[in-house]
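Undergrad: have a look; sequence and predicted model below, questions after that.
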Amino acid sequence: MDALIAAVAALDYASSLRLVEEALTRGESGVEIVHATQAGLRLVGERYERQDVFLSGLIMAGEIFRGVMELAQPAWEEELEGGASGLVLLGTAAGDIHDVGKNLASLTFKTFGFAVNDLGVDVPPERFLETARQIKPDIMGLSGLVTTAFNSMRETVALIRAHEEELEEMPIIVIGGATIDGHVARYVGADHWTNDAMEGVRICQRLLESRRETR
Ligand code: B12
């Protein structure tokens, strides 16, 4: 896994995929492979901050992640269990086009038995509200990695909360993304935050179960 992290951080597409193939052949965990790839991507992000790689490096990092998922997805899905169901309205907030994490979150929710309505990237607050009115989701999941998206996430959450009476029940609002932390969650007004899709799904399962029990 250390070699995989280093290969991803070095943006070495061929070695990254070869290491993933070898790990899968040895029967290693799909979940661990995805985590290691994510760790490599964080290092690419740091290289970008140091201007050691440029935008093309970030693009390559995204492509490596896609390639790894193509190989590791079957093993990864097999390790996750199905469970509680619910409806998730998901999207990357306005001003942000990162979708690798959102797509993985979508896949994780689906693997755990949730239905997902994915609005894509750069989604304006009004579009979230309009869709929430139509489908009445249990969970609203906002993804965002660039700082500018934190403002649009905040606007989206405020808009949804201001229209609560039209939504039968207020959806649980969860935000996610590599750059999200507790400060951002408080600023945005989200109920929960996560940097890990699986943890996000577990939080949602727990909250939905306790909501159903109190009904
Ligand atoms: C790949 C990448 C890109 C690719 C994205 C490709 C794509 N289709 O998504 C491209 C090249 C397009 C890109 C563009 C830019 N990027 Co970029 N990018 C990255 C990089 C290297 C990896 C992101 C990634 O895919 N990670 C892998 C995924 C799987 O991880 P994740 O997003 O965290 O998702 C996981 C969890 O967080 C969670 N999750 C995510 N969303 C959600 C939602 C819910 C509801 C739940 C439950 C869970 C969840 O689930 C996932 C699995 O566990 C990051 C570095 C980093 N630290 O992550 C920079 C980074 C995010 N980018 C950055 C920047 C600056 C940019 C640009 C502005 C660069 C530019 N000058 O144009 C543009 C943004 C344009 C815009 N308006 O959006 C900065 C952001 C800094 C900041 N705080 O604002 C970072 C942090 C790099 C850095 N350190 O400087 N980028």
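TA: Here it is on my side, so go on.
Undergrad: how close does Tyr168 get to the ligand?
TA: Just so we're on the same page, residue 168 is Glu rather than Tyr. As defined by Cβ to the nearest ligand atom, to the nearest Å, Glu168 lies at a distance of 21 Å from the ligand. In short, each C-beta sits where N, CA and C put it, glycine included.
Undergrad: quick check: that residue touching Pro137?
TA: No. Under the criterion of Cβ atoms under 8 Å, Glu168 lies out of contact with Pro137, with a separation of 10.2 Å.
Undergrad: of those two, who's got more company?
TA: Between Glu168 and Pro137, counted using other Cβ atoms under 10 Å, Pro137 has the larger neighbour count: 24 against 9.
Undergrad: look at the closest residue to that one other than its chain neighbours and tell me its secondary structure.
TA: In space, not counting the residues next to it along the chain, Pro137 is nearest to Leu89; the distance is 3.9 Å by Cβ to Cβ, 6 or more residues apart in numbering. Leu89 carries the three-state label strand when classified by DSSP: H, G, I helix; E, B strand; the rest coil.
Undergrad: for Leu89, report the pLDDT, please.
TA: Here, the pLDDT recorded for Leu89 equals 97.
Undergrad: check contacts around it.
TA: Leu89 sits next to Asn117, Leu119, Phe128, Thr131, Ala132, Ile135, Pro137, Ile139, Met140, Gly141, Pro171 when contact means Cβ atoms under 8 Å, 6 or more residues apart in numbering.
Undergrad: and those, which is closest to Gly189?
TA: The shortest distance between Gly189 and any of the contacts of Leu89, using Cβ to Cβ, involves Met140 and amounts to 11.6 Å.
Undergrad: for the lengthiest helix in the chain, what is the average pLDDT?
TA: Residue-count comparison of every helix in the chain, with assignments taken from DSSP state H, identifies helix 55-79 as the longest. What helix 55-79 shows for mean pLDDT is 91.
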